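1. build the 3D model from these lines:
(2 chains)
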Amino acid sequence: MPTSTEAVLPNKDACLALYRQMLVIRRCEEQLARSYQAGLIPGACHTYVGEEAIATGVCAHLNDDDAVFSTHRGHGHALAKGVPPKELIAELFGKATGCSQGRGGSMHLFSPQVGMMGTSGIVGPCILQAAGAGYSFKLLGVPKVGVAFFGDGAVANGAFHEGINLATNWQLPVLFVCENNLYATEVAFVDTTRNPQVANRAAAYGLPGIAVDGNDVAEVYAVAGEAITRARQGGGPTLIECKTYRTRPHAEGMRDGGYRSTEEIDEWKKRDPIPAFAHRLLDAGHARQEELDAITADVTALIAEALQFAHDSPWPDPATVADHVFSQGGGA
Amino acid sequence: MPELTYVEAAHQALAEEMARDETIFVVGEGIGPRGGNFNTTTGLFDLYGPERLRDTPICERGFVGLCAGAAMTGTRPVVDFMFLDFILDAFGELINQIAKMQYMSSGRLKMPIVLRGCIGVGGAAATHHSGNYYPIFTHLPGFKVAVPSNPYDAKGLFKTALRGDDPVLFLEHKSLLNTRGEVPEEEYSIPFGQAAVCRRGEHLTVVAFTTMVPETLQVAETLSGEGISVEVIDPRTTSPLDIDTVLESVHRTGRLLIADETFAPCGMGAEIAAAVVDRAFDDLDAPVRRLNGAHVPTPYSAPLEAAVAPNREDIERAIRDLMAE
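-> Residues are numbered from 1 along each chain as shown, chains lettered A, B, ... in the order given. Below is the predicted model:
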């Protein structure tokens, strides 16, 4: 495990914001899992439970006009980038008020107005598209960054090689965030490569590669902050490998065990990023229990309202099915 | 009116638009100082430098996917594939990402990307440098596809492609690149989805694509001496496809031939024939006929290569056969 020294905590307000964001993702995901089990989500639902520290720690440094490109496990990225939980839940329900207005579902979450440029049902393209955002920002001369979130399952994909090589060669303002949760669906990363480390592959391309404890939001926050600042200042891209684990199945409705042991899952549950961070805040005097309790109550209410909103929202109008194939009008 | 080659006309469109719009940039292999394998970017590197004329490594998937991200974030990439066959390595990025992005984002993202490349049989280019592929892109929602057959159309359609917000395949047949034609000095553009009636006729309509247009025009001229009056229509874009102009023509002529170098199955001819039979069955005085390239990969050797693409004799024979129906 990569944790040797604990990252310095940011100031109290920033810490409480990180804590709250992680909790929003967790509670929203837990609600989505329940809604899936209740039959309210007709399509796929890949939850981010256990990995909340990564999206939270990275996106805390981003503005609405920075561009995030995500993968199939992207609910956390969307929420951390600023998509309201009600728009996420409504989208998974297939409602017109969803962030993709019912055209996307879990794997196609779009909210360009907050820089959420899409989750994807295909592993790999987000790496290339984030590099492309970096290309735009460099050409336009603006200090924005493109960020790609992807899993260990993308590392053997050609997009990883091509995108990182192009972005590094052209010194584009991009952050490549690999969420190494050890399994691509149910195939262990160690069974797909002779080099199960991701960060050290950066040496092959000539960009900084840093491995962090992806369950430590303070460490993710610190390392991502440095990398994003470097990118904004023209210092080129960084590859960050966040070692983490999803404690729920690949997708709701799938089995949990068989390909991984109960002991392994339990071991990682003990490293849950949210209580770990709470303890650290309490120990450091950055938060009192009452403050954390108040955040919990606030988040609980937020998710309840979001769920109600999704329930109450209208279905999309079938008459609009051909809208937006092209920039103007419907289909050709 | 000045005469330009097809390449020069398209180059003029690109140069004018790059001067007008600083967000346009070009990527491709050898499109920087070299100016492109087909002189598509000659001289532009000196004007606009490496960020807007970006030489790439040979990784089509990588730079197509990158350009998708760029098009989503405020710039207007032009991908120069040289030979369009090279686009095939990027199919996932094209079909799953570029073509679907506007729809998936409910129209909040635009996808202003132009994908240009040379197509077609000729010059012993063999099978990895001779593909046409436009029916494939026409089949899929989200792409616009331009297949200009002359310099005037090349410039006018390229202008429209560069000013729009949609993904456009801009496909240039190798055999047409050095053909010459009049191109006005004043500003103009050609809307997509408007066919050109290249020659008026009364007895038979030929819908022709790319190289088949000039070949058919030659045949029509020859046959006019025998009193056979052939109307020649060039759709100019396959997506959107201007069926109305074809219907109007068939209404007058009653006979339809579709001449297309690329493959027949699920192709442009099948689509046009189906539309005409569906909407204008009573206008037809004879079966709808298709003339296509052989349904095989493109061979190298001259006699084999000549055997796969329709030529002037094939067109003339097809017209005579159809007139005899």
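2. quick one: low-confidence parts of chain A?
-> A:1-5, A:329-332 (pLDDT under 70).
3. would you tell me which helix is longest in it?
-> helix A:12-37 (DSSP state H).
4. helix or strand right after it?
-> helix A:52-59 (DSSP states H and E).
5. give me the residues contacting that next one.
-> Here helix A:52-59 makes contact (C-beta atoms under 8 Å, 6 or more residues apart in numbering or on different chains) with A:18, A:21-22, A:25-26, A:48, A:68, A:76-77, A:79-82, A:147, A:149, A:175, A:177, A:179, A:214-221, A:224, A:228, A:240, A:242, A:244, A:273-274, A:277. For glycine as for every other residue, the C-beta is placed from the backbone atoms N, C-alpha and C.
6. the residue sitting nearest the centre point of chain A and A:H286: what is the separation?
-> Nearest to the geometric centre of chain A sits A:H77, at 3.1 Å (C-alpha atoms, centre = their mean). To A:H286, A:H77 is 25 Å away according to C-beta to C-beta, to the nearest Å.
7. likewise B:N37?
-> 61 Å.
8. same deal with A:N169?
-> 42 Å.
9. which one of these two has more residues nearby?
-> A:H286 (19 against 14; other C-beta atoms under 10 Å in any protein chain shown).
10. doesn't A:C99 lie inside a helix?
-> No. Assessed with DSSP: H, G, I helix; E, B strand; the rest coil, A:C99 is coil; it does not lie in a helix.
11. which residue, other than its chain neighbours, is closest to it?
-> Using C-beta to C-beta, 6 or more residues apart in numbering or on different chains and skipping the chain neighbours, the partner closest in space to A:C99 is A:E87 (4.0 Å).
12. what about the closest residue to B:S106 other than its chain neighbours, how many residues close to it?
-> Excluding the flanking residues, the one nearest B:S106 by C-beta to C-beta, 6+ apart is A:Q101, at 4.1 Å. Close neighbours of A:Q101, defined as other C-beta under 10 Å, add up to 22.
13. ok, A:Q328 next?
-> 9.
14. contacts only, for it.
-> With contact set as C-beta under 8 Å, 6+ apart, A:Q328 has these partners: B:D165.
15. now with 10 Å, please.
-> For A:Q328, the contact set (C-beta atoms under 10 Å, 6 or more residues apart in numbering or on different chains) comprises B:G107, B:G164, B:D165, B:D166.
16. tell me where chain B has helices.
-> B:6-20, B:44-52, B:60-71, B:91-92, B:101-104, B:134-139, B:151-163, B:212-224, B:243-253, B:268-280, B:302-308, B:312-324.
17. interface residues of the stretch 101-250 of chain B facing chain A?
-> For the stretch 101-250 of chain B, the residues in contact with chain A (C-beta under 10 Å from any C-beta of the partner chain) are B:101-113, B:138, B:140-145, B:164-167, B:192-193, B:237-241.
18. for A:G146, which non-adjacent residue is closest in space?
-> That would be A:A133: by C-beta to C-beta, 6+ apart, it lies 3.1 Å from A:G146.
19. quick one: the helix or strand in which that neighbour is found to helix B:60-71, angle?
-> Per DSSP H and E: A:A133 is located in helix A:125-140. For helix A:125-140 against helix B:60-71, the angle by axes from the mean of the first three to the mean of the last three C-alpha atoms, to 10 degrees is 60 degrees.
20. look at A:G39 and say how many residues are nearby.
-> As a measure of burial, A:G39 has 7 neighbours, counting by other C-beta under 10 Å.
21. any idea how far it is from A:R27?
-> Taken as C-beta to C-beta, the span from A:G39 to A:R27 is 20 Å.
22. again, but for B:D89
-> In terms of C-beta to C-beta, B:D89 sits 43 Å off from A:R27.
23. same deal with B:C266?
-> Using C-beta to C-beta, B:C266 is found at 50 Å from A:R27.
24. more neighbours: the two, which one.
-> Using other C-beta under 10 Å, the more surrounded residue of B:C266 and A:R27 is A:R27, with 19 against 12.
25. so that one sits against A:A297, correct?
-> No. Using C-beta atoms under 10 Å, A:R27 is not in contact with A:A297; the gap is 11.1 Å.
26. can you give me the strands for the stretch 51-200 of chain B?
-> B:53-55, B:76-83, B:114-119, B:144-146, B:168-173, B:180-182, B:196-199 (DSSP state E, counting those that start in this stretch).
27. report whether stretch A:159-179 contacts chain B.
-> Yes. Stretch A:159-179 reaches chain B (C-beta under 10 Å from any C-beta) through A:159-167, A:169-170, A:172, A:174.
28. I'd like these as a markdown table, with secondary structure appended.
-> Formatted as a markdown table, the residues of stretch A:159-179 next to chain B follow (three-state DSSP):
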| residue | secondary structure |
| --- | --- |
| A:A159 | helix |
| A:F160 | helix |
| A:H161 | helix |
| A:E162 | helix |
| A:G163 | helix |
| A:I164 | helix |
| A:N165 | helix |
| A:L166 | helix |
| A:A167 | helix |
| A:N169 | helix |
| A:W170 | coil |
| A:L172 | coil |
| A:V174 | strand |
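29. ok, of those, which come out buried?
-> A:A159, A:F160, A:H161, A:E162, A:G163, A:I164, A:N165, A:L166, A:A167, A:W170, A:L172, A:V174 (16 or more other C-beta atoms under 10 Å in any protein chain shown).
30. residue contacts, the last one?
-> Remark: with contacts taken as C-beta under 10 Å, 6+ apart, A:V174 is in contact with A:67, A:69, A:127, A:130-135, A:137-138, A:145-148, A:163-164, A:166-168, A:207, A:227-228, A:231, A:236-239, B:69.
31. and for the third one?
-> Shown in contact with A:H161 (C-beta under 10 Å, 6+ apart): A:G124, A:I127, A:V155, A:R201, A:A204, A:Y205, B:C59, B:R61, B:G62.
32. quick one, helices of chain A?
-> Under DSSP H, chain A gives helices at A:12-37, A:52-59, A:75-81, A:85-93, A:125-140, A:158-169, A:202-205, A:217-232, A:262-269, A:273-284, A:289-312.
33. need these in CSV with distance to B:A208, can you?
-> Below are the helices of chain A laid out as CSV (distance: least, C-beta to C-beta, whole Å):
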stretch, distance to B:A208
helix A:12-37, 54
helix A:52-59, 54
helix A:75-81, 49
helix A:85-93, 46
helix A:125-140, 37
helix A:158-169, 39
helix A:202-205, 48
helix A:217-232, 51
helix A:262-269, 64
helix A:273-284, 64
helix A:289-312, 54
